[in-house]
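Undergrad: Show me the folded form of this:
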Amino acid sequence: MQLFLDILGTLVVGGVAGWLAGYFMKGSGFGLIGNIILGMIGGFIVSWLLSLLNIGFISGPITRLIASFLGAVVLLFIVGLIRRSTSEKA
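TA: The predicted structure follows:
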């Protein structure tokens, strides 16, 4: 049950973080739904990486939001670079 709540919390906080990251990264967003999805993925990636490094500071909603926001910003930046490089080749 706790795992389900952790995953649900990561999805919700990741969605909010993706929405915030879309405002922060103006010009490289993917629309509201795309940013929310990237925020969720970024939240999962950051949670997974920090668990691999045995860093357990993602216990509260504020720290989880900050980590998911940073993950979403980095993911938006990387996906934006990939999108630009493929559109320049076409």
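
Undergrad: So in the protein, which helix runs the longest?
TA: The longest helix of the chain (DSSP state H) is helix 61-89.

Undergrad: Now that one: buried residues?
TA: Across helix 61-89, burial judged by 16 or more other Cβ atoms under 10 Å covers 64-69, 71-76. Heads up, the C-betas are built off the backbone N, CA and C, glycines and all.

Undergrad: Could you list the low-pLDDT ranges of the chain?
TA: 27-29, 56-59, 88-90 (pLDDT under 70).

Undergrad: quick one on the thing from earlier: tabulate the buried residues of helix 61-89 in a markdown table, adding columns for distance to residue 16.
TA: Converted to a markdown table, those look like this (distance: Cβ to Cβ, whole Å):
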| residue | distance to residue 16 |
| --- | --- |
| 64 | 10 |
| 65 | 7 |
| 66 | 11 |
| 67 | 12 |
| 68 | 8 |
| 69 | 8 |
| 71 | 13 |
| 72 | 10 |
| 73 | 13 |
| 74 | 17 |
| 75 | 15 |
| 76 | 14 |
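
Undergrad: re the thing from before, and the longest helix of the chain, what does it pack against?
TA: In terms of contacts (3 or more Cβ pairs under 8 Å, 6 or more residues apart in numbering; DSSP states H and E), helix 61-89 is packed against helix 2-24, helix 31-52.

Undergrad: Give me the angle between it and helix 2-24.
TA: Angle, helix 61-89 to helix 2-24, by axes from the mean of the first three to the mean of the last three Cα atoms, to 10 degrees: 60 degrees.

Undergrad: quick one, helix 61-89 and helix 31-52 angle?
TA: Using the same axes, to 10 degrees: helix 61-89 against helix 31-52 is 120 degrees.

Undergrad: Quick check: the residue lying closest to residue 25 once chain neighbours are set aside vs residue 42, distance?
TA: Take residue 25 and drop its neighbours on the chain: the residue closest to it by Cβ to Cβ, 6 or more residues apart in numbering is residue 76, 4.8 Å away. Separation of residue 76 from residue 42 (Cβ to Cβ, to the nearest Å): 8 Å.

Undergrad: do the same with residue 16
TA: 12 Å.

Undergrad: Likewise for residue 4?
TA: 20 Å.

Undergrad: No more questions from me, cheers.
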